[in-house]
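# Just to be clear, the model below is a prediction. Sequence and coordinates:
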Amino acid sequence: MPSSQHPRRPAAGFTIVLAFASVYIFWGSTYTAIRVAGAYMPALLLSGTRFLIAGAILLSWCRWRGLRIFWPPKSMFNFTLVGLLLLGVGNVGLVYAEKTVPSGLASLLYAVSPLYVALIEMALPGGEPLPRRGWLGLLLGFAGMIALVWPSLRTGPAGNSALLLALGALLTGALSWTIGSIVSRHARLQANSFVAASWQMLAAGAVCTVLGSVLGEWPRVHLNAAAIGSLAYLVTGGSLLGYTGFIYLLEHVPVAKVLSYTYVNPVVAVLLGVVLLHERLVAPEFAGMAAIILAVFLLTTAQMRSKANGHPIHPPQQVSREC
């Protein structure tokens, strides 16, 4: 999660293309990897082991680069709080939901996070105003969300209670992600972005692993080639390569272009779900997908226009949301 602003430095065009490819493909494909790994590992231990490994690797890299690792207690507390909100509750809710919800549908419902952010930011003291284009995006986005969950809601609790619980966990995770993003934005941490992300991953990984152990999840871990391969992909592709690509783009490319991942990732996730996992969307879900992608596009571009007209806006504070 970007914790400070860095001046943009010249970058090679090919490197920027690779960074965009990393954010688009790796972040979009993590939904598919979570769906596969979640079939063999409980939610807490899958998230815990993933972020412990990724956090240790990234922190070691930061140390090797000579970056400052340890910060005052207040900063360390903020790292922990944001990590638990984003990667603890946020990611565990996603993993739990994908045991029932198709990966493509999960990615679309998680894409409503920018809508949550806009609503909460407006409600805060001195919050950012939302132009008419943004309000249109909000209304369209929530209409799309209703279209996505309507086939499940129509069956009622008696029809498929497990699916309703999964949808609730997914939307709760998205809300926790939103709150974590806003907390990070207003904390104004001075640490290097990669150092902050390392501690956030380590904090979330440690808490999730301990909770999973206390709740007796280890007997339900079944390691095989699919589980190990998916976990390795989540560590490298999602938490390391995708995230470093995101940070690189924030430092070299206008934020408006970087934000394109918010409506590209769901498309990648849906396509991969169809091709690799043989998932299928019904007609209302296709309508919801189109509505949410258009809504996020309208909302993010409206915020960028607001900035151009003199209203301050900060880049999104995020770690890979499979990441």
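Now that the structure is in, tell me what you want to look at. Numbers count the residues shown, from 1 in each chain.

# contacts and neighbour counts: CA atoms only from here.
Noted.

# Mind listing residues that contact stretch 224-236?
For stretch 224-236, the surrounding residues in contact (Cα atoms under 8 Å, 6 or more residues apart in numbering) are 30, 33-34, 36-37, 40-41, 46, 50-51, 53-54, 322-323.

# For it, could you pull out the residues that count as buried?
Buried residues in stretch 224-236, counted by 16 or more other Cα atoms under 10 Å: 227, 230-236.

# Kindly reformat these as TSV containing secondary structure.
Listed next are the buried residues of stretch 224-236 as TSV, based on DSSP: H, G, I helix; E, B strand; the rest coil:
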residue	secondary structure
A227	helix
S230	helix
L231	helix
A232	helix
Y233	helix
L234	helix
V235	helix
T236	helix
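
# ok, those residues vs R132, which is closest?
Proximity of the buried residues of stretch 224-236 to R132 was ranked by Cα to Cα; the top entry is L234 with 38.1 Å.

# how far away is that closest one from A43?
Applying Cα to Cα, to the nearest Å, the value for L234 to A43 is 14 Å.

# Return the member of the contacts of stretch 224-236 nearest to L170.
Nearest to L170 among the contacts of stretch 224-236, counting by Cα to Cα, is E322 at 12.0 Å.

# isn't I292 right next to L148, touching?
No: taking Cα atoms under 8 Å as the definition, I292 is not a contact partner of L148, at 9.4 Å.

# Specify which residue of those two has the higher count of neighbours.
Applying other Cα atoms under 10 Å to I292 and L148 shows that I292 carries more neighbours, namely 29 against 26.

# Only the buried residues of the one helix or strand that one maps to, if you could.
Element membership for I292 (DSSP states H and E) is helix 283-308. By neighbour count on 16+ other Cα under 10 Å, the buried set for helix 283-308 is 285, 287-306.

# Kindly report the same for stretch 266-284.
266-274, 277, 280-281.

# least trustworthy position among these, going by pLDDT?
Within the set of those, pLDDT is lowest for L281 (72).

# Please name the nearest non-neighbouring residue to it.
L105 (7.9 Å; Cα to Cα, 6 or more residues apart in numbering).

# Also L86?
Closest to L86 by Cα to Cα, 6+ apart is W177, at 4.5 Å.

# need the contact list for G48.
G48 neighbours (Cα under 8 Å, 6+ apart): 204-209.

# Considering those, which possesses the most neighbours?
A204 (31 neighbours).

# Quick check: it touching G88?
Yes: look at A204 against G88 with Cα under 8 Å: they come within range, at 5.0 Å.

# thinking again about what came up before, can you pull the residues that touch both of L234 and A43?
Going by Cα under 8 Å, 6+ apart, no residue sits against L234 while also sitting against A43.

# which residues in the stretch 1-150 of the chain form helices?
13-21, 27-37, 43-64, 73-83, 90-97, 103-110, 113-123, 132-187 (DSSP state H, counting those that start in this stretch).

# thought M122 was touching L130?
Yes: counting by Cα under 8 Å, M122 does reach L130; the two are 7.4 Å apart.

# who has more neighbours, the two?
Between M122 and L130, L130 has the larger neighbour count (other Cα under 10 Å), namely 19 against 13.

# and S113, what does it touch?
174-175, 177-178.

# same check, this time on K99
35, 38-39, 166.

# Tabulate those (JSON lines), appending distance to P254 and pLDDT.
As requested, the contacts of K99 are exported to JSON lines (distance: Cα to Cα, whole Å; pLDDT from 0 to 100):
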{"residue": "R35", "distance to P254": "33", "pLDDT": "93"}
{"residue": "G38", "distance to P254": "36", "pLDDT": "93"}
{"residue": "A39", "distance to P254": "39", "pLDDT": "92"}
{"residue": "A166", "distance to P254": "36", "pLDDT": "87"}
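
# Show me which of the residues you listed is closest to I247.
For the contacts of K99, the nearest to I247 is R35 (25.8 Å; Cα to Cα).

# so that closest one makes contact with A97?
No: under the criterion of Cα under 8 Å, R35 makes no contact with A97, lying 9.2 Å away.

# Show me the common contact partners of those two, please.
Counting by Cα under 8 Å, 6+ apart, nothing touches both R35 and A97.

# tell me the SS of L281?
coil.

# Regarding it, what are the backbone dihedral angles?
For L281, the backbone dihedrals (degrees, to the nearest 10) come out as phi -100, psi 140.

# Repeat that for G216.
phi 70, psi 40.

# Could I get the contacting residues of it?
Contacts of G216 by Cα under 8 Å, 6+ apart: none found.

# do S103 as well
Applying Cα under 8 Å, 6+ apart, the residues near S103 are 31-32, 34-35, 269-270, 273.
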